[in-house]
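*Asks:* Build me a model:
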Amino acid sequence: MPRRLLFWLVTSTLLAISCGQPSPSPAPPQASSPNVFKSEDGYVDANGVLIYYKAFGSGRPLLIVHGGPGASHDYFLPYLAPLARTNRLIFIDERGSGQSQKLDDPAGYTIENMVEDVEGVRQQLGLGEVSLLGHSFGGALVQAYALKYQSHLTHLILASTFASTKGLNAFFQQMKAKMTPEVRAHIDRLEKQGLFGQGKDYEKHRYPAEYMVAAWGDGYFPYLYGRRPDPNFDPAGMGNMSWDLYRQMWGSHGEFVIDGNLTSVEYTDRLGSIKVPTLITVGDHDELDPSLARDMQQHIPGSQLVVLPESGHMTFVDQPDLFNRTVNDFVHK
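*Replies:* Okay, here's the model as predicted:
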């Protein structure tokens, strides 16, 4: 090919590239990181059980444990999300609950095994020392954790919980005695005829819907909420849980007696060994009565008790700003 023709072809090609094809678009600007909390989720293989976790936020780790037993972390959100502004939040679903692995043998659902799951999550995620918050049954679980692993804690938060199953069962009987005679008789009748194996095939392995409404609606609802009752509350919806776990841990004889393996929760005489800074919160008309919280506060040296006004068991729903401010101020002292 003549040199002049080759020069013309090369020149024409370069001109076409520079004039006819757009330059690559610049990357879109990134959002300011202090205002964006990207969520990370996954599974930790803890003691041969896959434990689901969700994490987001910025700051020191605050590990949060749900109640039930057999619920999931979902009910904490969006209420606790503002804590992500100053804390790295890590929510878990306990073994058998939510998105975590279910067990073939329900005998593996014990509070002692769940303590090791929490420790496994802490280790595998490399969290180091953590603040640990447990709500309701989760509060009993984090007490058990603190009694074994308190050297791994910076702060302990016990929210609407109990340290003695015997004490809680006694309060449940008081709660039942305060019901109207009609509600109490209805609940007694359903419990007497048996709460499992009733109804259609798909109902046999859970409470009957009639009992869910009677116990969790007529019985519990006055103790669940205060100033901000959830307009979407559905007693039957509370039955969306891990029932084999629930029966193993709570028992099979109704909502007003714990006779499953949670009878092992008798920690009152051991609470004096907890030296980590401890905050106890409770609603002023909580399902887990303030008297239970006061008893824990008396036994844990230097612990702080906050009774949230106009609040039931779901204190962070009734008083989200006050609850979050109380927790945040405590863990950042």
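*Asks:* From now on I want contacts and neighbour counts done on CA atoms only, so please keep to that.
*Replies:* Noted.
*Asks:* In terms of pLDDT, where does residue 204 sit?
*Replies:* Looking at residue 204, its pLDDT is 94.
*Asks:* For it, which non-adjacent residue is spatially closest?
*Replies:* Distances taken as C-alpha to C-alpha, 6 or more residues apart in numbering place residue 197 nearest to residue 204, at 4.0 Å, with adjacent residues excluded.
*Asks:* Any chance you could spot the residue sitting in the middle of this structure?
*Replies:* The chain has residue 66 as the residue nearest its centroid, 2.1 Å off, counting by C-alpha atoms, centre = their mean.
*Asks:* Could you double-check that it sits in contact with residue 138?
*Replies:* Yes - here residue 66 reaches residue 138: they are 5.0 Å apart, a contact under C-alpha atoms under 8 Å.
*Asks:* per-residue confidence for the residue nearest to residue 204?
*Replies:* Residue 197 is given a pLDDT of 94.
*Asks:* State the helix or strand in which it lies.
*Replies:* If you go by DSSP states H and E, residue 197 is not part of any helix or strand.
*Asks:* now residue 157
*Replies:* Assigned by DSSP H and E, residue 157 belongs to strand 153-159.
*Asks:* what does residue 323 give?
*Replies:* With DSSP H and E as criterion, residue 323 is part of helix 320-331.
*Asks:* So which other helices or strands are in contact with that helix?
*Replies:* Other elements packing on helix 320-331 under the criterion 3 or more C-alpha pairs under 8 Å, 6 or more residues apart in numbering; DSSP states H and E are strand 153-159, helix 315-318.
*Asks:* Quick one, which of those gets closest to residue 291.
*Replies:* Distance to residue 291, taken as C-alpha to C-alpha, is lowest for strand 153-159 among the helices and strands packed on helix 320-331, at 13.3 Å.
*Asks:* Pairing partners for that closest one, with directions?
*Replies:* strand 130-135 (parallel), strand 278-283 (parallel) (DSSP bridges).
*Asks:* What angle do helix 320-331 and the last one make with each other?
*Replies:* Going by axes from the mean of the first three to the mean of the last three C-alpha atoms, to 10 degrees, strand 278-283 is angled at 170 degrees with respect to helix 320-331.
*Asks:* how far does strand 278-283 sit from the chain's center?
*Replies:* 15 Å (C-alpha atoms, centre = their mean, to the nearest Å).
*Asks:* just so I know, which of the strands paired with strand 153-159 lies nearest residue 245?
*Replies:* Of all the strands paired with strand 153-159, it is strand 130-135 that lies closest to residue 245, at 17.6 Å by C-alpha to C-alpha.
*Asks:* C-alpha coordinates for that closest one, CSV please?
*Replies:* The C-alpha trace of strand 130-135 is given here as CSV (Å, rounded to 0.1, in the frame of the first residue of the first chain):
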residue,chain,number,x,y,z
VAL,A,130,-19.6,-5.6,72.1
SER,A,131,-22.6,-3.9,73.7
LEU,A,132,-25.4,-6.5,74.0
LEU,A,133,-29.1,-5.8,74.0
GLY,A,134,-31.8,-8.4,74.5
HIS,A,135,-35.6,-7.8,74.5
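*Asks:* tell me the average confidence for that strand?
*Replies:* 98.
*Asks:* which residues sit against it?
*Replies:* Strand 130-135 is contacted by residues 60-67, 139-142, 152-161, 331 when judged by C-alpha atoms under 8 Å, 6 or more residues apart in numbering.
*Asks:* Could you point out the helix or strand that follows that strand?
*Replies:* Remark: after strand 130-135, the chain's next helix or strand is helix 137-149, criterion DSSP H and E.
*Asks:* Show me which parts of that next one are buried, residue by residue.
*Replies:* By neighbour count, with 16 or more other C-alpha atoms under 10 Å as the criterion, the buried positions of helix 137-149 are 137, 138, 139, 140, 141, 142, 143, 144, 145, 146, 147.
*Asks:* Same question for stretch 288-303.
*Replies:* 288-294, 296-297, 299-301, 303.
*Asks:* Please apply the same query to stretch 255-267.
*Replies:* Result for stretch 255-267 [16+ other C-alpha under 10 Å]: buried residues 255, 256, 257, 258, 259, 260, 261, 262, 265, 266, 267.
*Asks:* Switch the residues you listed over to a markdown table; also include pLDDT and distance to residue 182.
*Replies:* Shown next, in a markdown table, are the buried residues of stretch 255-267 (pLDDT from 0 to 100; distance: C-alpha to C-alpha, whole Å):
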| residue | pLDDT | distance to residue 182 |
| --- | --- | --- |
| 255 | 97 | 17 |
| 256 | 97 | 16 |
| 257 | 97 | 20 |
| 258 | 98 | 23 |
| 259 | 98 | 25 |
| 260 | 98 | 28 |
| 261 | 98 | 31 |
| 262 | 98 | 30 |
| 265 | 98 | 32 |
| 266 | 98 | 33 |
| 267 | 98 | 36 |
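*Asks:* related to what we said a few turns ago, run through who's touching the strand holding residue 157.
*Replies:* 129-136, 139-140, 142-143, 146, 276-282, 327, 331.
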